[in-house]
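J.: Next come a sequence and a model predicted from it.
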There are 2 protein chains.
Amino acid sequence: MNSRFIVATHILTLLASSDVPVTSEEIAVSVNTNPVVIRRLLVELAKAGLVVTQQGSAGGSQLARPAELITLLQVYHAMEPGHLFGMHRQTPNPECEIGNNIQGVMSGIFDQAEQAVEILFGSITLAQILGAVRIAVMQT
Amino acid sequence: MNSRFIVATHILTLLASSDVPVTSEEIAVSVNTNPVVIRRLLVELAKAGLVVTQQGSAGGSQLARPAELITLLQVYHAMEPGHLFGMHRQTPNPECEIGNNIQGVMSGIFDQAEQAVEILFGSITLAQILGAVRIAVMQT
DNA sequence: TTGAAGTGCAACTAAGATGGTTACAGTTCA
DNA sequence: TGAACTGTAACCATCTTAGTTGCACTTCAA
């Protein structure tokens, strides 16, 4: 369990809330971490086509597209390339009927679980998250 | 990402397929691991009320209840006490509107995702998994 | 009662993942 | 040209996970 997905979402929400490019230092202050950590995540987000980043003295990052066109699912896929649930460390014994088939059966179930999560994430945009943040601010 | 959930399910499926108590050694052979690893998981499964274990020379483990009355959700809760998605390592900056509210917003979303998974797991029993394994065996 | 077979547990180990830090090369712009 | 920024590598500390070893305790048949 790691923090990349939520931190990446944090980054993108911050970018969505700004009209101008945001430096990794500014993001790092919001996230409360080191700018290099932020930069590492920004490289992945850029590879996924979610942000564009400008080098040099006027550098900074911006969303690559409108916040309404970025879903949590896209963020999730950029940050978490693996599966949600793990398999055996060693291949189970193929001479045993359970050992020989349990992974196949369970991978089917795990796929369904992942799909349920993906459907949810695919239905939530960055604009909605920013909106929810702003509502929370007003209620404080 | 670990292997405890699927290995615990493997263990329980094996117990469900047997009329007699199964030793940790036999389970270890099916899972292809060391018996101590199995015993560790069995202790947790027993605490969760899913298995009963007999010590001594006639020792071994059995399901604590019929396979139709054990759901994947119960197994999951016994093996994975934490959350599915991680939060920031350090508390984000409360002076920033995004930093101050992103965790609240995202925890709501993560709860929904976990719920979707739990609904799925709660609908699948061990008996169904054993049935699926047996169907897979017949098709090999 | 004894010895064998099994559980439960502690301690140790190796491997891998994660996130933080430091240093610096490269890029851009005033 | 120098400052401000990105991108990257290397290192480090911490934590988790799963495997191994050793052994105390439990149980039961002989």
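T.: Good, I have the coordinates.
J.: thought A:Leu42 was touching A:Val52?
T.: No: between A:Leu42 and A:Val52 there is no contact, the gap being 9.9 Å when judged by C-beta atoms under 8 Å. For glycine as for every other residue, the C-beta is placed from the backbone atoms N, C-alpha and C.
J.: and A:Ala78, how far is that from A:Ile27?
T.: Using C-beta to C-beta, to the nearest Å, A:Ala78 is found at 16 Å from A:Ile27.
J.: between the two, which one's more packed in?
T.: Applying other C-beta atoms under 10 Å in any protein chain shown to A:Ala78 and A:Ile27 shows that A:Ile27 carries more neighbours, namely 28 against 21.
J.: does that one count as helix, strand or coil?
T.: Secondary structure state of A:Ile27, per DSSP: H, G, I helix; E, B strand; the rest coil, is helix.
J.: about what we covered before: which neighbours do A:Leu42 and A:Val52 share?
T.: Counting by C-beta atoms under 8 Å, 6 or more residues apart in numbering or on different chains, the residues touching both A:Leu42 and A:Val52 are A:Ser61.
J.: ok, these two, which is more surrounded?
T.: When neighbours are counted by other C-beta under 10 Å, A:Leu42 comes out ahead of the other of A:Leu42 and A:Val52, with 24 against 16.
J.: which ones are touching that one?
T.: A:Leu42 sits next to A:11, A:24, A:27, A:51, A:53, A:61 when contact means C-beta under 8 Å, 6+ apart.
J.: can you narrow those to ones near DNA strand C?
T.: With respect to DNA strand C, and counting by C-beta under 7 Å from any atom of the strand, no part of the contacts of A:Leu42 is in contact.
J.: angle of the longest helix seen in chain A against helix B:97-122?
T.: Within chain A, and with DSSP state H defining each element, the longest helix by residue count is helix A:97-122. Compare the direction of helix A:97-122 with that of helix B:97-122 by axes from the mean of the first three to the mean of the last three C-alpha atoms, to 10 degrees and you get 140 degrees.
J.: check whether helix A:97-122 contacts DNA strand D.
T.: No: interface with DNA strand D: helix A:97-122 contributes nothing (C-beta under 7 Å from any atom of the strand), its closest point being 13.3 Å away.
J.: So what's the gap between that helix and the chain middle?
T.: 21 Å (C-alpha atoms, centre = their mean, to the nearest Å).
J.: nearest residue to A:Leu130 other than its sequence neighbours?
T.: A:Ala16 (4.9 Å; C-beta to C-beta, 6 or more residues apart in numbering or on different chains).
J.: what's the neighbour count on the one you found?
T.: As a burial measure, A:Ala16 scores 21 neighbours (other C-beta under 10 Å).
J.: for chain A, what spans make up the helices?
T.: A:4-16, A:24-31, A:35-47, A:72-79, A:97-122, A:126-138.
J.: Against which helices or strands is the fifth one packed?
T.: Using 3 or more C-beta pairs under 8 Å, 6 or more residues apart in numbering or on different chains; DSSP states H and E, the elements in contact with helix A:97-122 are helix A:72-79, helix B:4-16, helix B:24-31, helix B:97-122, helix B:126-138.
J.: what mean pLDDT does the first one have?
T.: Yep, that's helix A:72-79 we're talking about. Helix A:72-79 carries an average pLDDT of 97.
J.: repeat for the fourth one
T.: Here helix B:97-122 scores 97 as its mean pLDDT.
J.: what comes up buried for that helix?
T.: Neighbour-count burial for helix B:97-122, with 16 or more other C-beta atoms under 10 Å in any protein chain shown as criterion, is recorded at B:97-103, B:105-106, B:109-110, B:113, B:116-118, B:120-121.
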